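Asks: Mind looking at a prediction? Sequence and model below.
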2 protein chains.
Amino acid sequence: MRSFDVVVIGAGPGGEVAAGKLAEAGLSVAIVESDKVGGECSFYACIPSKALLRPGELLAEARRTAGVSAAVTGPLDVRAVLDYRDELIGHLDDGYQVPWLTERGITLIRGRGRLAGQRRVVAGDEVIEARRAVILAGGTRAALPDIDGLAGARPWTNREATTAEAIPASLIVIGGGVVGAEMTQAYASLGARVTLIAGGHGLLAREEDFAGEQVAASLKEQGVDVLTGATATSVRRDDSGVTVRLSDGGSVTADEILVATGRTPQTADLGLETVGAPADGYVRVDERMRVPGHDWLYAIGDLNGRALFTHMAKYQAGIAAGEILGRSIVTEHLADGAGSPRVIFTEPQVAAVGLTSAAAAAAGLRTRVVDVETDGNAGGRFSGGGGGTSRFVIDTDRDVLVGVTVTGTAVADFLQAATIAIVGEVPLRRLRHAVPAFPTRSEIWLNLFNALGL
Amino acid sequence: MRSFDVVVIGAGPGGEVAAGKLAEAGLSVAIVESDKVGGECSFYACIPSKALLRPGELLAEARRTAGVSAAVTGPLDVRAVLDYRDELIGHLDDGYQVPWLTERGITLIRGRGRLAGQRRVVAGDEVIEARRAVILAGGTRAALPDIDGLAGARPWTNREATTAEAIPASLIVIGGGVVGAEMTQAYASLGARVTLIAGGHGLLAREEDFAGEQVAASLKEQGVDVLTGATATSVRRDDSGVTVRLSDGGSVTADEILVATGRTPQTADLGLETVGAPADGYVRVDERMRVPGHDWLYAIGDLNGRALFTHMAKYQAGIAAGEILGRSIVTEHLADGAGSPRVIFTEPQVAAVGLTSAAAAAAGLRTRVVDVETDGNAGGRFSGGGGGTSRFVIDTDRDVLVGVTVTGTAVADFLQAATIAIVGEVPLRRLRHAVPAFPTRSEIWLNLFNALGL
């Protein structure tokens, strides 16, 4: 029986980073993967979705910028966008990802990985030993909702939507969350006629209300049919395409249908029952990413349900690896779990961290909420230009920020300032000395300080 | 004799903000301006320069982005760029700036302002009283170096360069600082053949060496002739244009010449001698922006020489106003004075805050310096794309950042995160929990944490 210090099940971003940190520290590490090294993110999520989104965003900014608009004579080159997408995802061959593992001396085992009792893992057709720890990093997959006829209508999930070889003339999207909103944005900008069935809660229901409202309004302006009242009651595919019947009695027909109504953890076949742990749902972990009652067993990334983001999977990988290596780096702060930093790459983008105003109120905090216009400063006259709102949620008892949401064009990189302010718990009376440079759009911070009379 | 609580001399950004804060607090305020309300920044510096720079930057990114490049076939529309610039600077009429003052009940007095003894100001043709305080905010003007024949050659300063009605076919720029580098970038992108005489220190001598080197290399790629060895020894204008003779024996001829070799404070005619204060050079102030020995006299903005940036003038305005209103908001930190946040809008942009590695060493700090590639992460595959370096300077004794410099395309808004980390003195062991979102270019922070083994 082969034996390793640590066995990692799942070679997505979380599993890779954990394996890498442990191997770099001198431990022997095996990583078991039944699908692609690099995971959902590299092939079917973050990477291809942003490759589909960025060109439309950039072209829109070029078209509204004086002096540049006249230089823009043509439409997006859809074939070139798809080709670049294909290049970034290695044409769905994960070979380019493997050297990162082998260079670090990590043993890659192709095949399914599952627990087989204490510190034992079935890896493909062999059983291996994990002397110190097993890290579960098997992620999630798209959940299919229980809608009459849906499964038989060959629906797309994020996988098909991010890897499509051509843009259909028309697309129905079910689900107004991150994937639904981003793919609606992408396909609309690439020329598809899109109908978004967002359900009763509207778009981006976990974010500040204005975020979903602004994205919905923008999508409508781009020609998307955004349905927020009705839900899908049945789906049929025939020669004319896919037809969705709606709860309000209407119906929609399109060439393809994308279902983006949530994720489901890949827990069922992990053998958790062989060690006496719950074998369904998200794998519950403590703040050290350990499965309670099993000091050798960790679960990181989507699988533990704390925060379904690549960056948080990598963050959790660092926590688990640190713990295994004997140096605990646990810290309690608000930019974790539901408050994790998050960016939705629609137009406008939505970048948020910490608590929404509603979540802060629900948590019983005494708060002050300050809203400023994202482009309401000199910087917004030169770049951006898509409008938007920046909301700061302040815990008035502690004089610190507990949540920030910024909407607007290309605001993704505005987020790190907010995350540092929240994680660093920098008091506002000190924060006001962090002067944003003129004329940058970061003067949203100056507007905050002015609104607070600081 | 008219009497006010506070008299502000100079209605640039610093003077305006100070007057505004004081008036909003209920004080009676007069502001004296002999030129334009809004100051150098609004008409001859920050605003028009960015209007000239942004279109070229955006077009360059569009041209190197897959799917977008094919849509962009035309050149910059120079006329449209200049028209937008003219719109932003109000066609050099400051009328649009005045309502901001009058709405706050501030009395605008057109004319020269100068001290006339304790708490007395000559404002145009009247003498007025300042019961509580006088704030000097007269700014700087371009300095002309002592080069044979220069003054007679009708050289441009920042004023002519930012407001030119047409782009000359060729331009010589003397000076490799911020203005010289930005105007070289702007005119090159707008079609001029530019020769930059940067002098012996190379470009952007106050920043990390790599910043100036990268900007110089980029300008050369754009066709600029960058001369770093030689200096100008004489200048002559005749019918064929302006000819500069160089210290290495060579010469350059062009249609126009821009001199950007520094600024000089407008101190001489301020009447400082009437209160016994030094009447030349920058006006020295303490950390409350007060002129030492005169508890009623403040100097803010360029005039005090601490940090020649609009945002720092506004920041100092807040400190002075706070002091006058009886609430001191002085804080000592490293993102002030020479360490102030600063952005140079070249291609690549340079965004820096705090100490450079050389300045930290000179200050006797024990430091660790970490360099990462600005576009060396997934986010750099979607936006940016201009390369660049991110340098983090860490005070290892205190476990905090003391300086950050980021070069790259469109990195201006990366700066606020660094400024907050430095001003907030967030320990790195805590900072590593501020997770940058994937896939954003803010993962320069993740690369930092990884390099530190955190």
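Replies: That came through fine. Keep in mind that this is a model prediction, so the values were computed, not measured. Residues are numbered from 1 along each chain as shown, chains lettered A, B, ... in the order given.
Asks: Disregarding residues adjacent in the polypeptide, which is nearest to A:Met183?
Replies: A:Ala161 (4.8 Å; C-beta to C-beta, 6 or more residues apart in numbering or on different chains). Placement of C-beta: from N, CA and C, glycine included.
Asks: Quick check on the one you found: phi, psi?
Replies: Here is the backbone geometry of A:Ala161 (degrees, to the nearest 10): phi -70, psi -40.
Asks: dump the residue contacts of it.
Replies: A:Val179, A:Met183, A:Tyr187, A:Leu258, A:Ala260 (C-beta atoms under 8 Å, 6 or more residues apart in numbering or on different chains).
Asks: Distance of the nearest residue to the first one once chain neighbours are set aside relative to chain B?
Replies: For A:Val179, the nearest residue in space outside its immediate sequence neighbours is A:Ala260; the separation is 3.8 Å by C-beta to C-beta, 6+ apart. Counting by C-beta to the nearest C-beta, to the nearest Å, the gap from A:Ala260 to chain B is 19 Å.
Asks: wait, A:Ala260 sits on A:Asn158?
Replies: Yes - with contact defined as C-beta atoms under 8 Å, A:Ala260 counts as touching A:Asn158 (6.5 Å).
Asks: Give the intersection of the neighbour lists for the two.
Replies: A:Ala142, A:Val179, A:Met183.
Asks: Those in strands, which ones?
Replies: A:Ala142 (DSSP state E).
Asks: Any chance of a markdown table for the shared contacts of A:Ala260 and A:Asn158, columns distance to B:Arg236?
Replies: Below are the shared contacts of A:Ala260 and A:Asn158 laid out as a markdown table (distance: C-beta to C-beta, whole Å):
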| residue | distance to B:Arg236 |
| --- | --- |
| A:Ala142 | 73 |
| A:Val179 | 66 |
| A:Met183 | 64 |
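Asks: Show me which of the shared contacts of A:Ala260 and A:Asn158 is closest to chain B.
Replies: Nearest to chain B out of those is A:Val179 (C-beta to the nearest C-beta; 15.0 Å).
Asks: on that earlier part again, Produce a ChimeraX select command limited to the buried residues of the contacts of A:Ala161.
Replies: Buried residues among the contacts of A:Ala161 (16 or more other C-beta atoms under 10 Å in any protein chain shown), as a ChimeraX selection:
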select /A:179,183,187,258,260
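Asks: For A:Leu136, state which of the contacts of A:Ala161 is nearest.
Replies: In terms of C-beta to C-beta, no member of those lies closer to A:Leu136 than A:Val179, at 23.3 Å.
Asks: Distance-wise, check the closest one relative to A:Tyr187.
Replies: Separation of A:Val179 from A:Tyr187 (C-beta to C-beta, to the nearest Å): 12 Å.
Asks: Same question for A:Arg54.
Replies: 14 Å.
Asks: buried stuff in the helix or strand hosting A:Gln185?
Replies: Remark: A:Gln185 resides in helix A:178-189, with elements defined by DSSP states H and E. The neighbour-count check on helix A:178-189 (16+ other C-beta under 10 Å) flags A:Val178, A:Val179, A:Gly180, A:Ala181, A:Glu182, A:Met183, A:Thr184, A:Gln185, A:Ala186, A:Tyr187, A:Ala188, A:Ser189 as buried.
Asks: Counting by contacts, list what the next helix-or-strand element following it packs against.
Replies: Using DSSP H and E, the helix or strand that directly follows helix A:178-189 along the chain is strand A:193-197. Applying 3 or more C-beta pairs under 8 Å, 6 or more residues apart in numbering or on different chains; DSSP states H and E, one finds that strand A:193-197 contacts strand A:170-174, helix A:178-189, strand A:225-227, strand A:251-254.
Asks: List just the one of these that sits closest to A:Gln266.
Replies: That would be helix A:178-189 among the helices and strands packed on strand A:193-197, by C-beta to C-beta, at 17.0 Å.
Asks: counting contacts, what elements does the closest one pack onto?
Replies: Using 3+ C-beta pairs under 8 Å, 6+ apart: helix A:178-189 touches helix A:46-63, helix A:158-163, strand A:170-174, strand A:193-197, helix A:209-221, strand A:342-344.
Asks: Pull the distance from the shortest one to the chain's centre.
Replies: Chain-centre distance of strand A:342-344: 7 Å, with C-alpha atoms, centre = their mean, to the nearest Å.
Asks: same thing with the longest one?
Replies: Relative to the mean C-alpha coordinate of its chain, helix A:46-63 is positioned 16 Å out (C-alpha atoms, centre = their mean).
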